[in-house]
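[1] need coordinates for the below:
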Amino acid sequence: MVKKIARVLVSTMIHLVIFGLIGAILTFLLSLADEEGVVLYVLWAVVGIFCGVMSYLSGLETMTGQPLSHWTYRKDAPRTSLVVVAIKLFILLALSILYDRLGTESLSLALTYFVAVFLAALFMEATLRYQPTRVSNPREDQTQD
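    Coordinates of the predicted model:
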């Protein structure tokens, strides 16, 4: 379990860095076009949402070792999903504290990115929550008629 958690930590950090670089490049390109204000916050929120979704799905596959389609039917899916969300929350809180201590100028953009990542992961957790349902068997339905 510890190895899986460590893999999810690394996977989340990789996603944060990749999508963070994409956001930084787009921010730089927008700054060349003299775009400021709300546009940058929307950009970082959108990049954060994509990062949250992708890192959540990757984290689930890492924790379970199964594709997402098989994972949602497992009985331990809610616990596994909450572990992935908790790992993301831990990383994002640690990075937020680090950014605050460093006193960077772009703290508000970083917090927008981190909050978007976390909210996207929460949305995915709520959307993919395990709900036991009876799977219909066509042969049983025909014999009951």
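
[2] tell me which helix or strand the residue nearest the centre of the chain sits in.
    Nearest residue to the geometric centre of the chain (Cα atoms, centre = their mean): residue 52, 2.5 Å. Using DSSP states H and E, residue 52 maps to helix 38-64.

[3] separation between the nearest residue to residue 13 once chain neighbours are set aside and residue 121?
    Leaving aside its sequence neighbours, residue 13 sits nearest to residue 91 (Cβ to Cβ, 6 or more residues apart in numbering; 6.7 Å). The C-beta positions use only the backbone N, C-alpha and C, and glycine is treated the same way. Going from residue 91 to residue 121 by Cβ to Cβ, to the nearest Å gives 11 Å.

[4] and what of residue 78?
    14 Å.

[5] neighbour count winner among those two?
    Ranked by neighbour count (other Cβ atoms under 10 Å), residue 78 and residue 121 place residue 121 first, with 27 against 14.

[6] how far does the helix holding residue 52 sit from the chain's center?
    Chain-centre distance of helix 38-64: 5 Å, with Cα atoms, centre = their mean, to the nearest Å.

[7] list the contacts of the closest residue to residue 104 other than its chain neighbours.
    Leaving out its chain neighbours, the residue that sits closest to residue 104 by Cβ to Cβ, 6+ apart is residue 110, at 7.0 Å. For residue 110, the contact set (Cβ atoms under 8 Å, 6 or more residues apart in numbering) comprises 44, 95-96, 99, 104.

[8] please apply the same query to residue 46.
    residue 116.

[9] how long is stretch 29-45 end to end?
    This stretch, stretch 29-45, spans 17 Å end to end (Cα to Cα, to the nearest Å).

[10] in that stretch, what counts as buried?
    40, 43-45 (16 or more other Cβ atoms under 10 Å).

[11] and of the contacts of residue 110, the nearest to residue 6?
    Nearest to residue 6 among the contacts of residue 110: residue 95, at 17.3 Å, using Cβ to Cβ.

[12] residue 114 is in contact with the closest one, correct?
    Yes: between residue 95 and residue 114 a contact is recorded at 6.4 Å, counting by Cβ atoms under 8 Å.

[13] the two: which has the busier surroundings?
    Here residue 95 and residue 114 are compared on neighbour count by other Cβ under 10 Å; more neighbours surround residue 114, at 24 against 18.
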